[in-house]
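*Asks:* Sharing a sequence plus its predicted fold:
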Amino acid sequence: MYPYFSLTQEDIKQMLESLGLNSIEDLFSDIPKDLKLKRPLNIPASKSEMEISNYLTELSKMNVSSYDYPTFLGAGAYDHYIPSVIPQIASRSEFLTSYTPYQPEISQGTLQYIFEFQTMISNLTGMEYSNASLYDQGTALAEAAIMTAHHAKKKKVLVSKSISPWSREVLKTYTHAQHIEMEEIEIKDGVTSAYDLEKKLTDDVGAVLVQNPNFFGNIENVAEFSKVVHSKKKCYLVSSVDPSSLGTLKKPSDCGVDVVVGEAQTLGIPLSFGGPYLGFMAVNKEFLRKIPGRIVGQTVDRDGKRCWVLTLSAREQHIKRDKATSNICSNQGVNTLMATIYMSLLGKQGLMELSKQCIKKAHYAYEKLLETGKFEKVFNAPFYKEFAIKCKKPICTLNKKLLENGIIGGFDLGKYYPEFENVMLIAVTEKRTKEEIDKLCKVLEEA
């Protein structure tokens, strides 16, 4: 390994001597011998920087990304168009101030974009307050479950099976650690079963969690769930949303939701092979002092100029850690900034147009596939930009054929839902052209 890092043998010797050790092996003596690699790493002994760069570039070409092929794979990570101005503005020095904005005099750029992000998320969701951001959809749901359960002074939450499978895994981990019981609500025709919800909604339930549009892309009847949930004393409804859908769908506040969370990757953030992404949470006044993270407010300085400060912060998250209900005391800074720029660029009309294009293109693809007679309808529920179709062959076989034809195919629902064997989940965003959709349908029909 020596040629690939800057330390000389003399440097290594001096460091070991300062630690009172004789060799690097002594440094790792706590690691059991059966876990150690007993041979040199399988890499060339020495190469120049240029040779290494060329080698890694060739390796990277073995991967196929959405930059290379049109992708119809969604399931929580979506290929939306990202305006070129976003990385330009996001890299400006005004926004690259301190890591954490406790000192407002040197953090105005950071505080301003957090304030603008909160304002736009509140406008989108219709909720009174939004926080500075969370890590992703999964942790946002988990934080909301814990917050609402604690506020209700109850130890049980109900979670719809139509929520993303990996978000439910995160929920299980968090709720288990907080000694909160988590029970899943069954699905019927691709949406949360209202019958099962009513059956399981007992007095010891503090919160009900749903996703809209849900993991299958279907639109849930959130307003109806709100009536059921609020029929119980001290029980709250949490809805996870795709913010891009709010250009056409009703605001969660209009559906009686108490806490709104979601994944903002759809707002100008690259796929990035799975992250980092951007979770958010928006609440009404009842949860203002319970919300994890920070809230930035607007004020004026001593010269009367507009400026920003940290207005509220749940201090026990980073000071009285033994009393903390949340470990989130930071935010996804750069991703928050990118989402803020994206929402500013599109505005109300732009987001509405984006949402309509997703709906129209997804429905065009869906109808065209059904017209072939080779695929079957799976659900009757209305959907946003993602839909499920029943195939006659295994999804892995079809996706392999699609890849051979320069297309990244859909998601195999059977991996997480055994009842949906040979069912493909297909996402269609505004980026997909008619030619790309037609090619997808043609290749799938032939396969």
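*Replies:* Ah, there it is.
*Asks:* distance between the ends of stretch 144-158?
*Replies:* 12 Å (Cα to Cα, to the nearest Å).
*Asks:* How about Leu134: what's its closest non-neighbour residue?
*Replies:* Gly279 (3.5 Å; Cβ to Cβ, 6 or more residues apart in numbering). Backbone N, C-alpha and C define where each C-beta goes, glycine included.
*Asks:* Correct me if wrong: the one you found contacts Asn131.
*Replies:* No - between Gly279 and Asn131 there is no contact under Cβ atoms under 8 Å: 9.5 Å.
*Asks:* Would you map the strands across the stretch 51-200 of the chain?
*Replies:* 129-130, 156-160, 181-185, 187-188, 191-192 (DSSP state E, counting those that start in this stretch).
*Asks:* and among the ones you listed, the most buried is which?
*Replies:* Most buried of those by mean neighbour count (mean count of other Cβ atoms under 10 Å) is strand 191-192; its value is a mean of 26.
*Asks:* Give the partner strands of that one in its sheet and their orientations.
*Replies:* Partner strands for strand 191-192, per DSSP bridges, with pairing direction: strand 187-188 (antiparallel).
*Asks:* Go through stretch 379-396 and flag the buried ones.
*Replies:* Going by neighbour count (16 or more other Cβ atoms under 10 Å), the buried part of stretch 379-396 is 379, 381, 383-389, 391, 395.
*Asks:* now stretch 116-130
*Replies:* Within stretch 116-130, the residues that count as buried by 16+ other Cβ under 10 Å are 116-118, 120-122, 124-127, 129-130.
*Asks:* same deal with stretch 275-284?
*Replies:* 277-283.
*Asks:* got the end-to-end distance for that stretch?
*Replies:* 29 Å.
*Asks:* how much distance is there from it to the middle of the chain?
*Replies:* Centroid separation for stretch 275-284 versus its chain: 8 Å, with Cα atoms, centre = their mean, to the nearest Å.
*Asks:* again, but for stretch 203-223
*Replies:* Relative to the mean C-alpha coordinate of its chain, stretch 203-223 is positioned 17 Å out (Cα atoms, centre = their mean).
*Asks:* Please export the alpha-carbon coordinates of it; CSV is fine.
*Replies:* Provided in CSV are the C-alpha atoms of stretch 203-223 (Å, rounded to 0.1, in the frame of the first residue of the first chain):
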residue,chain,number,x,y,z
ASP,A,203,-57.2,3.4,22.5
ASP,A,204,-53.5,2.6,23.1
VAL,A,205,-52.5,3.8,19.6
GLY,A,206,-50.8,7.2,19.5
ALA,A,207,-50.2,7.6,15.8
VAL,A,208,-51.1,6.2,12.4
LEU,A,209,-48.5,6.5,9.6
VAL,A,210,-49.4,6.4,5.9
GLN,A,211,-47.6,7.4,2.6
ASN,A,212,-49.2,9.4,-0.2
PRO,A,213,-48.6,8.7,-3.0
ASN,A,214,-47.7,5.3,-1.5
PHE,A,215,-44.9,2.9,-2.4
PHE,A,216,-46.9,1.5,-5.3
GLY,A,217,-47.5,5.1,-6.7
ASN,A,218,-51.1,5.0,-5.7
ILE,A,219,-53.0,7.9,-4.1
GLU,A,220,-54.4,7.2,-0.6
ASN,A,221,-57.7,8.6,0.8
VAL,A,222,-55.9,10.5,3.5
ALA,A,223,-58.9,12.7,4.4
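*Asks:* Pull out the buried positions in it.
*Replies:* Going by 16+ other Cβ under 10 Å, stretch 203-223 has these buried residues: 205-220, 222.
*Asks:* what's the closest of the strands of the stretch 51-200 of the chain to Leu267?
*Replies:* Closest to Leu267 of the strands of the stretch 51-200 of the chain is strand 129-130 (Cβ to Cβ; 13.1 Å).
*Asks:* ok now the closest one, how far from the chain's centre?
*Replies:* 18 Å.
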